[in-house]
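>>> starting from these lines, generate the structure:
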Amino acid sequence: MLFTFVLASALHRHLDISCGCFSNAGAGKISYLTLIRAIVITLISAAAYAGTILFVSRQWQPPLPEPRSKGGLQSENATNDTGLLLSQE
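A predicted model of the protein is given here:
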């Protein structure tokens, strides 16, 4: 984003800069085509970042333990603190 901003600023000030940003030849001067490329790359990068944040799979969390029955009596199957089902015999 910073590169795109600096590129736009240089174009706005009519600076004659040859940075070789998108080519191997050092003679390529910045133009509005260079700015459009930088904006497209910035938008694709922002979309990829947003997709990574929004669509990442959530970590699995164990189920909450079931509440104990009233009167101190426990049901036939009870859960421990880790959420694993324990069978009482």
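>>> how about the helices in the chain?
For the chain, helices defined by DSSP state H occupy the ranges 2-12, 32-54.
>>> would you mind giving those as a markdown table with mean pLDDT added?
What follows is those, written out as a markdown table (pLDDT from 0 to 100):
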| stretch | mean pLDDT |
| --- | --- |
| helix 2-12 | 91 |
| helix 32-54 | 91 |
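>>> ok, and for stretch 9-23, which residues are buried?
Judged by neighbour count (16 or more other C-beta atoms under 10 Å), stretch 9-23 contains these buried residues: A10. Any C-beta I mention is one placed from the backbone N, CA and C, and that applies to glycine too.
>>> what's next to that stretch, contact-wise?
The contact list for stretch 9-23 (C-beta atoms under 8 Å, 6 or more residues apart in numbering) reads 3, 7, 26-32, 34-35, 37-38.
>>> which among those residues end up buried?
Buried members of the contacts of stretch 9-23, counted by 16+ other C-beta under 10 Å: L7, I30, T34, L35, A38.
>>> so how far is C19 from the second one?
The reference is to I30. Note on I30: its distance to C19, by C-beta to C-beta, to the nearest Å, is 6 Å.
>>> same deal with the last one?
According to C-beta to C-beta, A38 and C19 sit 11 Å apart.
>>> would you check how far apart P63 and L54 are?
Between P63 and L54 the computed distance is 25 Å (C-beta to C-beta).
>>> leaving aside the residues adjacent along the chain, what's closest to S31?
Excluding its sequence neighbours, the residue lying closest to S31 (C-beta to C-beta, 6 or more residues apart in numbering) is L11, at 7.6 Å.
>>> any idea how far the one you found is from F3?
Noted for L11: a distance of 13 Å to F3, by C-beta to C-beta.
>>> no further questions, thank you.
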